[in-house]
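*Asks:* Got a sequence here, can you model it:
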Amino acid sequence: MKIASLAELKKELAYLNEKDLRELIIDLSKFSTDNKAYLFFKLFEKENPGIFVEMVKEELESEFQKSNSRNYHFAKKSAQAVRRKLNKNLKLSKDKTAQIELIIFFCQKLKEYGYLQFRHPVIDNLYNSQIKKINTLIAKLHEDLQFDYVQLLEELAEIDHSI
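*Replies:* Here you go, the predicted model:
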């Protein structure tokens, strides 16, 4: 079975009435927690723009608290698991500033919970790839916002060298 293109789906959605659209959206939200989370953030971000960032930070913080960083193997596995959660949540937001804040938060927590002390190549590469993502996202921002985030990025670079 061939799946319709996005353009074809848009055309078909235009023919649906409000009630049918609502039912379709509710059905989609039942299929996965990702769909439900996306719908939740889109509905409530108008009232509270920072709700997405705060909820994701809380989720990441709890993951870091539950993680095992006693030796480098478990630390590596835990860091990768938290990063997967981060990446999953980053897909829910198109706001570059929110993405930057979450990646910076992740990098700060890697340091705070002692993951970087192991000097494990996988953890170091994971950290460095997040720094590269931040650089890429900062380049897409307005100059005024870039300045603020460049300072935060420099602090992360200092954190990296202080170990």
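
*Asks:* which ones are touching V56?
*Replies:* L86, N89, L102 (Cβ atoms under 8 Å, 6 or more residues apart in numbering). (Each C-beta comes from the backbone N, C-alpha and C, glycine too.)

*Asks:* got a list of what the last one touches?
*Replies:* It refers to L102. V53, V56, K57, L60, L86, N89, L90.

*Asks:* Does it lie in a helix or a strand, and which?
*Replies:* Following DSSP states H and E, one finds L102 within helix 96-112.

*Asks:* Check which residues of that helix are buried.
*Replies:* Residues of helix 96-112 classed as buried under the neighbour-count rule (16 or more other Cβ atoms under 10 Å) are 96-107, 109-111.

*Asks:* got it, and stretch 22-41?
*Replies:* S29, A37, Y38, F40, F41.

*Asks:* Out of those residues, the closest to Q65 would be?
*Replies:* Of all the buried residues of stretch 22-41, the one with the least separation from Q65 (Cβ to Cβ) is A37, at 20.7 Å.

*Asks:* State the mean pLDDT of the strand or helix carrying the closest one.
*Replies:* Here A37 sits within helix 33-44, counting by DSSP H and E. Averaged across helix 33-44, the pLDDT comes to 87.
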